[in-house]
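Chemist: coordinates only, sequence not included:
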């Protein structure tokens, strides 16, 4: 991603970042919540370090992202996941109330090929 595109995301007040820290202040998880499409919010990124998985922190962080989206006036919150994500990602999203809306099967040669336009978020 070009620096100018990244800077635009980081500077946009409609894009929210949350970093989860352990008791020593070390980052152990994060999310990026994209509210640039008005009420159609997107949980663009969500992740935890493997050493803190299984402690319920993922659910706490996910609940925070969901609450933040709807507190901001969103009427929908989307998240995309794939087979490269942690195996617990989809079950965790489903337990939090998300439902599967679409399933796609694609093979990408990354980074040698461009991401298909229909899958770009920005």
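Modeler: Looks like it arrived, so ask away. Since this is a predicted model, take the numbers as computed values, not measurements.
Chemist: drop to CA atoms for contacts and neighbour counts, all remaining ones
Modeler: Will do.
Chemist: Check which helices and strands the helix ranked longest in the chain is in contact with.
Modeler: When the chain is parsed with DSSP state H, its longest helix is helix 57-71. The criterion is 3 or more Cα pairs under 8 Å, 6 or more residues apart in numbering; DSSP states H and E, and the helices and strands that helix 57-71 contacts are strand 27-34, strand 40-48, strand 76-79.
Chemist: Now do the same contact list for the residue nearest to the spatial centre of the chain.
Modeler: Residue closest to the mean C-alpha point of the chain, counted by Cα atoms, centre = their mean, is residue 45 at 2.5 Å. Residue 45 sits next to 30, 31, 32, 33 when contact means Cα atoms under 8 Å, 6 or more residues apart in numbering.
Chemist: Identify the farthest-apart pair in the residues you listed.
Modeler: Largest separation among the contacts of residue 45 by Cα to Cα: 30 and 33, giving 10.0 Å.
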